[in-house]
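Novice: can't give you the sequence, but here's the structure:
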Ligand SMILES: [Fe+2]
């Protein structure tokens with residue numbers, strides 16, 4: 001499959017075969033994504049124009065920086081929903097969360113606070129770009145003990161895994177589904193991220209993809225990613241990617 005990364009041919013930009021974007025920051029004013037409801041609408045419209053037709057948006061729950069709760073997420077979602085409904089704006093959207101693995105998250109798990117899930121029991125998780133949590137495998141295990149399926153957001157962005165493929169394999173053996181950011185494959189974050197993404201694709205390691213869209217710059221990067229379309233088509237055609245099956 002590595003040959004596909006060398007092809008130069010560009011396809012028109014169209015993400016419609018993915019159908020569902022399971023990772024984005026489209027709720028107004030509660031994290032480092034969309035700051036207000038007008039921006040949310042513009043970003044959603046931009047994603048729809050790129051072919052996405054279903055959204056599960058995932059605001060950060062990161063106690064130190066974005067201390068969201070189920071209530072703050074529900075409130076922001078209601079504001080967005082009311083505005084889109086009033087404007088007659090047709091969008092299939094639901095809200096889950098992207099949980100940062102820290103002590104606060106461990107407490108939520110321990111206290112059995114219901115987590116915001118996508119697709120029934122899937123929980124999207126992330127951690128530090130500097131180093132993984134020391135108890136990562138245990139946490140992934142604990143998530144499953146509580147009845148959830150951990151979805152590991154953008155593993156390719158943790159550049160300390162670059163060429164430490166064994167550590168990535170260990171993560172999957174610990175039960176995590178891997179989710180690739182489309183922006184990583186497009187080269188938006190840098191070479192290391194793109195290389196790790198290509199390696200994981202070549203090994204069929206991803207089960208999910210997402211935009212992780214925060215703002216207009218991300219939208220523009222997705223709009224000009226014709227160079228990744230042939231890889232995406234191949235990923236979706238392979239049947240390994242679950243996004244197209246997520247519409248209820
Ligand atoms: Fe994210």
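Specialist: Received it, and whenever you're ready, just let me know what you need. Remember, it's a predicted structure, so these values are computed and weren't measured experimentally. Numbering: from 1, shown residues only.
Novice: The helix-or-strand element of the chain with minimal mean pLDDT - contacts with which helices or strands?
Specialist: Within the chain, no helix or strand scores below helix 165-173, which has a mean of 85 by mean pLDDT, DSSP states H and E. Applying 3 or more Cβ pairs under 8 Å, 6 or more residues apart in numbering; DSSP states H and E, one finds that helix 165-173 contacts helix 136-145, strand 177-181. (C-beta placed from N, C-alpha, C; glycine too.)
Novice: Show me what the longest helix along the chain is in contact with.
Specialist: For the chain, the helix with the greatest residue count under DSSP state H is helix 70-86. If you take Cβ atoms under 8 Å, 6 or more residues apart in numbering as the criterion, helix 70-86 is touched by 26-30, 37, 40-41, 44, 57, 59, 61, 89, 91, 93-95, 97, 113-114, 116.
Novice: rerun that using 10 Å as the cut-off
Specialist: Residues from elsewhere that reach helix 70-86, judged by Cβ atoms under 10 Å, 6 or more residues apart in numbering: 26-31, 34, 36-38, 40-41, 44, 57-61, 66, 68-69, 89-91, 93-97, 108, 113-116.
Novice: thinking again about what came up before, generate CSV for the helices and strands packed on helix 165-173, with distance to residue 194 and mean pLDDT as supplementary columns.
Specialist: Listed next are the helices and strands packed on helix 165-173 as CSV, based on distance: least, Cβ to Cβ, whole Å; pLDDT from 0 to 100:
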stretch, distance to residue 194, mean pLDDT
helix 136-145, 24, 96
strand 177-181, 10, 97
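Novice: winner for burial among these?
Specialist: Greatest average neighbour count among these goes to strand 177-181 (a mean of 23), per mean count of other Cβ atoms under 10 Å.
Novice: Same question for the helix or strand immediately after it in the chain: list its buried residues.
Specialist: Using DSSP states H and E, the helix or strand that follows strand 177-181 in sequence is helix 182-186. Neighbour counts over helix 182-186 (16 or more other Cβ atoms under 10 Å) mark 182, 183, 184, 185, 186 as buried.
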